[in-house]
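1. what follows is a predicted protein model with its sequence.
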Amino acid sequence: MHRIAVVPGSFDPVTLGHVDVIERAANLFDELHVLVVHNPAKTALLPISQRVSLLEQSIADAGLQGSIKVASWSVGLLVDYCTEVGASVLVKGIRSQVDVAYETPMAIVNRNLAGVETIFMLPDPAHAHVSSSLVRQVASLGGDVSPYVPRAVADYLQPDTSADLLASRPQ
Ligand code: PNS
């Protein structure tokens, strides 16, 4: 059986914690889709097309093995994407009890909606404190994000670029 899994997220931007989860999930499944999903609860920093591009570069630069595709989804349910591509599993990184509380209802609803199971993966402790929101905050205040993100993201989020992105972002 050809097992397909999806790693969904905002990836605004992709962090080293995400890359760690993607790498380990890719080792468990025949095919992995990394899916950039619009999260209306968050004010985005990067356009979705840029997030996809930075994910593709980061995955290539890390030399990750396996069949890994990057895609985006902005219309309809996440499980609709899973059904469309034949994926039966979602993989989510869990850093804390807060993440467990946030993810548990979604996992139950996604299973009820379409029979899609969710697997929670613990991050490498080196990345347990890293989040995209922390990276956005550090970048927006002119700080160095390179300890937390892949090289492509650190190169992209130079202070000038971050300032431009922030200026064009809805307040
Ligand atoms: O990186 P994030 O912002 O924590 O990712 C959250 C995301 C996008 C994975 C989550 O908001 C999500 O699963 N959205 C899909 C919307 C959906 O299908 N909702 C109904 C079932 S929970």
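-> Received, thanks. Residues are numbered from 1 along each chain as shown.
2. only C-alpha atoms for contact and neighbour calcs from this point on.
-> Fine.
3. and the helices in the chain?
-> Shown for the chain, the helices assigned by DSSP state H span residues 16-26, 48-61, 78-85, 97-114, 132-140, 151-156, 159-167.
4. packing partners of the last one?
-> Using 3 or more Cα pairs under 8 Å, 6 or more residues apart in numbering; DSSP states H and E as the contact criterion, the neighbours of helix 159-167 among helices and strands are helix 132-140.
5. which residues are contacting the helix it packs on?
-> Helix 132-140 has contacts (Cα atoms under 8 Å, 6 or more residues apart in numbering) with 11-15, 45, 144-145, 148-149, 157-159, 162-163, 166.
6. rerun at 7 Å
-> Contacts with helix 132-140, where a contact means Cα atoms under 7 Å, 6 or more residues apart in numbering, come from Phe11, Asp12, Pro13, Val14, Thr15, Asp144, Val145, Leu157, Pro159, Ser162, Ala163, Leu166.
7. what mean pLDDT does it have?
-> Confidence over helix 132-140 (mean pLDDT, whole number) is 94.
8. measure how far that helix is from the centre of its chain, please.
-> Centre-to-centre, helix 132-140 and its host chain are 15 Å apart (Cα atoms, centre = their mean, to the nearest Å).
9. and it, which residues are buried?
-> Ser132, Ser133, Val135, Arg136, Ala139, Ser140 (16 or more other Cα atoms under 10 Å).
10. and if you look at stretch 49-60?
-> Here stretch 49-60 shows Arg51, Val52, Leu54, Leu55, Glu56, Gln57, Ser58, Ile59 as buried, counting by 16+ other Cα under 10 Å.
11. what residues are up against the fourth one?
-> With contact taken as Cα under 7 Å, 6+ apart, Leu55 is in contact with Val14.
12. nearest to the ligand, of the buried residues of stretch 49-60?
-> Nearest to the ligand out of these is Arg51 (Cα to the nearest ligand atom; 11.6 Å).
13. need the contact list for that closest one.
-> Arg51 sits in contact with Phe11, Asp12, Pro13, where contact means Cα under 7 Å, 6+ apart.
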